[in-house]
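Peer 1: Fold the stuff below for me.
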Amino acid sequence: MKNFHYNVPTEIFFGKGAIKNLNNIAKYGKRILLVYGRDSIKKMGLYDEVVKILDQADTTYIELTNVEPNPRIESVREGVVLCREHDIDVVLAVGGGSVIDCAKVVAAGAVYDGDAWDLVLHPDKIVDALPVVTVLTLAATGSEMNGNAVISDLKTREKLGTGSDMLKPKFSIMDPEHTFTVSKGMTAAGIADIMSHTFENYFTPVKGAYVQARICESLLKACIYYGPLAIEEPDNYEARANLMWAGSLAINGICSLGQQTAWTVHPMEHELSAYYDITHGVGLAILTPPWMRYVLSDETVDKFVEYGVNVWGLDADGDPFDVANVAIDKTEAFLKSLGLPMKLSEVGIDRQYFEEMAKNCEERTQEGYVPLTYRDSIAIFEAAL
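Peer 2: Numbering: from 1, shown residues only. Have a look, this model is predicted:
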């Protein structure tokens, strides 16, 4: 296990009725930028709850609305303008990961002299940011408890991650009841996202991080157990609560401490989203089993056996490659059972841009569990077709 420094300053208010704690926002300022997506928070009544609390806290708010899935740099720029025009003190995101990611970069862009896209290309330029507060409505990205954000520029076909401790929310409201109205498709995509975050931390060349590995396995087992329940029973509080907390733990740093976790599947999927604007979790579900099969080798087979035995309950006896392949098959079958597409062709993607996308992400895929050249990425894209 490698040395590490761990600091998650985000305060979490979790559970039924946690929204009442939103009044704590006033200690960070009185002028608020309220960021959300389309009309889902209004249909579920959450918008009315939020603005009522903001009014009671004697704050004023300006709205940045219609933030897109795979949030666009144009929305970030719009939010930065609003922050400057209205002398905003704090940025409040009410929604899923896309809304929160957008809010984070708005918060940094509001105190940066240049264009906000600079902060996506060069995270080291994030040296300050307005306070960020979140109200989570989708278990998926874990953005409510980390300093990461992913922003897209569809004009240049770029979807890139950035990050800084400055972007970590001051506090996050996590009420599983706020996810009851999430559709089956988006619930499934969120589960795939959580599992992918966990896989990227679990499959690592670093030895001896026993605790982190067992945490990862527990999160994966939680997704496997509670995922189908949440899809079939959308108002199952226990299922929604466990998935929501798993989403946070998968990417708040606790799984990656002391490990080498340069990710490879995520950079590949970011290319798919940048070129085709598909749902992030869907792209991850499609790419994960082909990636697993591609990186399975004499050097990695023991880790896949560990995964198969500890997560899927497989018998470790027998040929290790047989155990590993059964584990991969079970992973694919589970994702498919959630109703997720498992081929790129199912979401309208052909091989037209495979080489271009693979070359774009090559720099980001060469430090992972198994380093990937652009030719390797092309082969995985082809296997996912």
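
Peer 1: Only C-alpha atoms from now on, for both contacts and neighbour counts.
Peer 2: Fine.

Peer 1: What segments of the protein are strands?
Peer 2: Secondary structure of the chain by DSSP state E: the strands cover 11-14, 31-35, 60-64, 90-95, 132-136, 148-153, 158-163, 171-174.

Peer 1: tell me the angle of the third one relative to strand 90-95?
Peer 2: Interaxial angle, strand 60-64 versus strand 90-95 (axes from the mean of the first three to the mean of the last three C-alpha atoms, to 10 degrees): 50 degrees.

Peer 1: ok, strand 60-64: who's next to it in the sheet?
Peer 2: strand 31-35 (parallel) (DSSP bridges).

Peer 1: The residue lying closest to residue 148 once chain neighbours are set aside: how many residues sit nearby?
Peer 2: With sequence-adjacent residues excluded and distances taken as C-alpha to C-alpha, 6 or more residues apart in numbering, residue 148 is closest to residue 163, at 4.2 Å. Residues contacting residue 163 under the criterion other C-alpha atoms under 10 Å number 21.

Peer 1: what's the answer for residue 326, then?
Peer 2: Neighbours of residue 326 under the rule other C-alpha under 10 Å: 17.

Peer 1: quick one: it and residue 311, what's the gap?
Peer 2: 12 Å (C-alpha to C-alpha, to the nearest Å).

Peer 1: Same check on residue 56?
Peer 2: 47 Å.

Peer 1: contacting residues for the spatially closest residue to residue 187 that is not a sequence neighbour?
Peer 2: Nearest non-adjacent residue to residue 187, counting by C-alpha to C-alpha, 6+ apart: residue 231, 6.7 Å away. Contact analysis of residue 231 by C-alpha atoms under 8 Å, 6 or more residues apart in numbering lists 184, 187-188, 338.

Peer 1: Let me have the residues you listed in a markdown table, extended by distance to residue 43 and pLDDT.
Peer 2: Below are the contacts of residue 231 laid out as a markdown table (distance: C-alpha to C-alpha, whole Å; pLDDT from 0 to 100):
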| residue | distance to residue 43 | pLDDT |
| --- | --- | --- |
| 184 | 17 | 97 |
| 187 | 18 | 98 |
| 188 | 21 | 98 |
| 338 | 25 | 98 |
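
Peer 1: Please identify which of the residues you listed is nearest to residue 66.
Peer 2: Residue 66 lies nearest to residue 187 out of these, by C-alpha to C-alpha, at 20.2 Å.

Peer 1: From residue 123, how far off is that closest one?
Peer 2: 30 Å.

Peer 1: So which of these two has more stuff around it?
Peer 2: residue 187 (26 against 15).

Peer 1: could you list every residue that touches the more buried one?
Peer 2: 138-139, 230-231.

Peer 1: between residue 56 and residue 311, which one's more packed in?
Peer 2: Neighbour tally, residue 56 and residue 311, criterion other C-alpha under 10 Å: the higher count belongs to residue 311, 19 against 10.

Peer 1: Check whether the more buried one really touches residue 220, as I assumed.
Peer 2: Yes. Look at residue 311 against residue 220 with C-alpha atoms under 8 Å: they come within range, at 7.0 Å.

Peer 1: What I need now is the contacts of residue 187 written out in CSV, including distance to residue 352 and pLDDT for each item.
Peer 2: Formatted as CSV, those follow (distance: C-alpha to C-alpha, whole Å; pLDDT from 0 to 100):
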residue, distance to residue 352, pLDDT
138, 33, 96
139, 33, 95
230, 36, 98
231, 34, 97
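
Peer 1: Among the residues you listed, name the ones in helices.
Peer 2: 230-231 (DSSP state H).

Peer 1: Let's see the pLDDT reported for residue 10.
Peer 2: In the predicted model, residue 10 carries a pLDDT score of 96.

Peer 1: What is the burial count for it?
Peer 2: Residues lying near residue 10 (other C-alpha under 10 Å) number 18.

Peer 1: and it, what is it in contact with?
Peer 2: 145-146, 168-172.

Peer 1: Which among these count as buried?
Peer 2: 145-146, 168-172 (16 or more other C-alpha atoms under 10 Å).

Peer 1: related to what we said a few turns ago, pretty sure the residue nearest to residue 148 sits against residue 129.
Peer 2: No. Contact criterion C-alpha under 8 Å: residue 163 and residue 129 do not qualify, at 11.7 Å.
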